[in-house]
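Undergrad: model the following, please.
(one chain, ligands or ions: 3)
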Amino acid sequence: MQAKRVATIAILAGDGIGPEIMAEAEAALGEIAAVGGHRFDLVRRPIGGAAIDALGCPLPSETLTTCRQADAVLLGAVGGPRWDKVDSKIRPEQGLLGLRSGLGLFANLRPVTPHPALFGASPLKPEKLEGVDLVVVRELTGGLYFGRKLELPDQAEDVCTYTVAEIERVVRRAGDLARARRGKLTLVDKANVLATSRLWRRVAEDLVRREYADLDYEVVLVDAMAMHLLSRPTDFDVIVTENLFGDILTDEAAMLAGSMGLLPSASLGEGSRGLFEPIHGSAPDIAGQQLANPMAMLLSVAMMLRLSLGLDDEAGLLEQAVWDCVSEGQVTRDLGGSLSTGEAGAAVRSRLSQVAA
Ligand SMILES: NC(=O)c1ccc[n+]([C@@H]2O[C@H](COP(=O)([O-])OP(=O)(O)OC[C@H]3O[C@@H](n4cnc5c(N)ncnc54)[C@H](O)[C@@H]3O)[C@@H](O)[C@H]2O)c1
Ligand SMILES: CC(C)[C@H](C(=O)O)[C@@H](O)C(=O)O
Ligand SMILES: [Mg+2]
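TA: Ligands and ions are numbered 1, 2, ... in the order given. Take a look at the predicted model:
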């Protein structure tokens, strides 16, 4: 076990299933603090729809300030039909985008590691899933999400802009990760059509030639990648791509793992403070029913322990506890189990105390 840590963690539960899965994250942190003798100060703040309801704005300044002062940020999910009116100028999702850019979190790491016990939960055949272990590095603070927007009654516009510096920093992050893993880097773009993709391709190829010549480097068009992810997922190690493509491809990749409720993510910038959240949304169709799978949230907690708090052993223990529960079938309905969100979280905590003993 590592040296005792005192850390401040901003807790942004958000909307829909957010508060249900965050309750399990907080309880797991309590268990980890007790096991390791650490102290985690949890500072809860509103974001998204909950913040619109309480304060009229999806990212209140106090929430952003708390996140800036914290060692790490945990987020459940934002959004839902209550706030989804098409003509609404204030949307929960703006809170999440503002947080990502406000904290300078340009690299979003989304690991995909299907567990053998769950091969049956994926539409793919087990022989396709054996050995799949990839990370999508999604650019998170640029592209279509952040470009100029125009909304007129009969016309609309979303501008996609990328600069050399924005591309270089995220490709460098992906290159470093590939070097620490299996040495393969795949750029996904749409350079046959988009000017921004042609810039991505030129900048990434130059950078790889200069600094990452040891890597096995490949370029794949995004439409073909949607197919290759399903037809040859074991061929990929680190995939780097722009904001929108990374968003879409990782929901698809969740089907390799077996459920949206299994993929965690880490959003990182230049410093050690990161934002950790499942890749899934607020799941309004199951919210408030204790049906949500808390594993993606708990795996996001593990990423936080490792990447922002330097607690590698504790991160490993939590991941082991999650996968032990999965192996034993202690899972929620999305994975064919019968546990509630709370029961699945309790099962992980019980394993955690056993594996740590
Ligand atoms: N990071 C975020 O906060 C985030 C991410 C994606 C979507 N959203 C928002 O969430 C809302 C709903 O979006 P959506 O329905 O397209 O996507 P979603 O990810 O919320 O749900 C898609 C499907 O996956 C299921 N699912 C998601 N998480 C699950 C979990 N933990 N356990 C079991 N099943 C789970 C849902 O029940 C649903 O059937 C929208 O307002 C969207 O903008 C937020
Ligand atoms: C809610 C939405 C803004 C968000 C995104 O598109 O980044 C979500 O889909 C995600 O994947 O985190
Ligand atoms: Mg998404």
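
Undergrad: what parts of this protein come near ligand 2?
TA: 79, 93, 96, 97, 247, 279, 281 (C-beta under 6 Å from any ligand atom). The C-beta positions use only the backbone N, C-alpha and C, and glycine is treated the same way.

Undergrad: in a markdown table, list those along with distance to residue 128.
TA: Shown next, in a markdown table, are these (distance: C-beta to C-beta, whole Å):
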| residue | distance to residue 128 |
| --- | --- |
| 79 | 32 |
| 93 | 33 |
| 96 | 33 |
| 97 | 34 |
| 247 | 23 |
| 279 | 21 |
| 281 | 26 |
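
Undergrad: and those residues, which of them are in helices?
TA: Residues from those lying in helices, with DSSP state H as the criterion: 93, 96, 97, 247.

Undergrad: surely the second one and residue 78 touch.
TA: Which is residue 96. Yes: Residue 96 is within contact range of residue 78, at 5.1 Å (criterion: C-beta atoms under 8 Å).

Undergrad: who touches both of these two?
TA: 47, 48, 58 (C-beta atoms under 8 Å, 6 or more residues apart in numbering).

Undergrad: check contacts around the nearest residue to the second one once chain neighbours are set aside.
TA: Distances taken as C-beta to C-beta, 6 or more residues apart in numbering place residue 78 nearest to residue 48, at 2.8 Å, with adjacent residues excluded. Contact partners of residue 78, counting by C-beta under 8 Å, 6+ apart, are 14-15, 18, 47-49, 58, 92-93, 95-96, 281-282.

Undergrad: can you pull out the strands in the stretch 101-250 of the chain?
TA: 107-112, 134-139, 149-152, 155-158, 184-189, 216-221, 238-241 (DSSP state E, counting those that start in this stretch).

Undergrad: deepest in the core, which of those strands is it.
TA: strand 238-241 (a mean of 28; mean count of other C-beta atoms under 10 Å).

Undergrad: quick check: neighbours of that one in the sheet, parallel or antiparallel?
TA: strand 134-139 (parallel), strand 184-189 (parallel) (DSSP bridges).

Undergrad: to residue 268, which of the ones you listed lies closest?
TA: strand 134-139 (9.7 Å; C-beta to C-beta).

Undergrad: CA atoms only: put the closest one into CSV for me.
TA: Presented in CSV, the C-alpha positions along strand 134-139 are these (Å, rounded to 0.1, in the frame of the first residue of the first chain):
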residue,chain,number,x,y,z
LEU,A,134,-7.2,-0.8,-26.8
VAL,A,135,-7.4,2.8,-25.8
VAL,A,136,-9.1,5.6,-27.7
VAL,A,137,-7.4,9.0,-27.1
ARG,A,138,-10.1,11.4,-28.0
GLU,A,139,-9.3,15.1,-28.5
